[in-house]
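J.: quick one, structure for this:
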Amino acid sequence: MKRLLVVSVGLAALMVGVVGAWYAVRQEREFQRLVAAGDAALAEDSTYRAIEAFSGALALKDDSMLAHLRRGSAYRRRGELAAALRDLRQATSLDPAAPDPIELSGDVNMALGRYERAAEDYRAFTRLDDQSPRVLYKLALAYYQNQQAGQAIAPLREAVTLDPRLAEAHYLLGLCLRERSEVDEALLALNRALEINPAFATVREELADLYNDAGRRREAIDQLEALSALEPSRVDRMVNVGLAYADWGRTQSAILALSRAAERYPDESTVRVALGRVWLQAAEREDDPAALGKALEALQIVASSTGASANTLTLYGRALLLADRPGEAERALAEAARRPPVDAAAFRYLADAAERLGHRSTAREALVRYVALLGEDEVGRPTLERLNRLQ
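T.: Have a look, this model is predicted:
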């Protein structure tokens, strides 16, 4: 009897073990199925289905780093950043040596604008793996966004050493070096980025700006012309080339570039305004009636439209003043002074037109606004003396 009891107990224990093992195997299979289903949903960009699947997997195994990582990634792609961060932090706590959830946590913090926290995450990643140029670049970007350009330089140099063809890292290095006034080094970094990716438009924009600041006008315009060739459908690129030539004093080249833009985009007001600006500058500089006529012709159509900007109306008012039409100039400049964003020059020229017409109170009010906008140091003594005379 005792032997029978022992055998029965043994068989019962065996059955419990078998059932438990079978249940564990079944649970593991279901867990793996749900994770695979979540991965498949993510591959199809179905984040809602992915989150449901990973949540089901976590209901079976809440201590799975992988499932928390996957669900955190799905939440991130869905834009639910707080939920993503919770899952990614949990994944890191479950496996502190896993780099993926740490990197993704940094990405989420970057998206949240928490650049200091993002830098902490990326630094933690580099303590596990200091050979990832991608993460070194992200660390530098977090520093840069947090107004710490100086600290970004070291990880960027490491990144481009590990991957010399990482154009984004060369570009960011150029930005950081420029902020530290290391212009020659910045130009080297930016040009290296351009060698790697000649179509990198923002690099060309930065180079054009740097060359212009350094007085290297030809090289600046080369970059602007390259941008125009890269993006021929953008009228602003063509306009920028023309205005750059004008600022350089190359009026004919400016007019030629802008005339080409006008032929391609005959209805674009920005081209007409730019042409008007260049012709007006030529008329003011050379006392050229023909240039003044072309300036008025280019500006009049745009200025008469209901959506004319304050800047356009100011240019037109200046042209009318130069043409000795102060009444029309006063009306255009008064309208410019009422339209945001405020163009301080509108008040200066409005004062000129009003004073020429004998409208002293209008001239005085315009000069008061002009001085208030720019400050006494900026407007200079002659303007202040003129204001005193109008009191």
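
J.: state the pLDDT value of residue 9.
T.: Looking at residue 9, its pLDDT is 51.

J.: in the helix or strand containing residue 273, what's buried?
T.: Assessed by DSSP states H and E, residue 273 sits inside helix 269-286. For helix 269-286, burial by neighbour count (16 or more other CB atoms under 10 Å) applies to 269-283. The way it works is simple: take the backbone N, C-alpha and C, and place the C-beta from them, glycine included.

J.: quick one: which of those residues is nearest residue 148?
T.: residue 270 (37.2 Å; CB to CB).

J.: got the contact list for the nearest residue to that closest one once chain neighbours are set aside?
T.: Spatial nearest neighbour of residue 270, chain neighbours left out: residue 239 (5.6 Å); criterion: CB to CB, 6 or more residues apart in numbering. Contacts for residue 239 were tallied using CB atoms under 8 Å, 6 or more residues apart in numbering; they are 258, 261, 270-271, 274.

J.: just to revisit the earlier point, give me the contacts around the helix holding residue 273.
T.: 235-236, 238-239, 242-243, 246, 251, 254-255, 258-259, 261-262, 265, 288-289, 291-292, 294-296, 298-299, 301-302, 305, 311-312, 315-316, 318-319, 322.

J.: same question, stretch 151-163
T.: Residues outside stretch 151-163 that contact it (CB under 8 Å, 6+ apart): 126, 130-134, 136-137, 139-141, 143-144, 166, 169-170, 172-173, 176-177, 180, 192.

J.: which stretches of the chain have low pLDDT?
T.: Within the chain, the segments meeting pLDDT under 70 span 1-25.

J.: domain parsing for it?
T.: Domains of the chain are assigned by automatic domain parsing as 130-231, 233-305, 329-391.

J.: just give me how far the second one sits from the chain centre.
T.: How far domain 233-305 lies from its chain's middle: 28 Å, per CA atoms, centre = their mean, to the nearest Å.

J.: would you agree residue 172 is in contact with residue 140?
T.: Yes: if you go by CB atoms under 8 Å, residue 172 and residue 140 touch, sitting 6.0 Å apart.

J.: who's more crowded, the two?
T.: More crowded of residue 172 and residue 140, by other CB atoms under 10 Å: residue 140, with 28 against 25.

J.: quick check: which element contains that one?
T.: helix 133-145.
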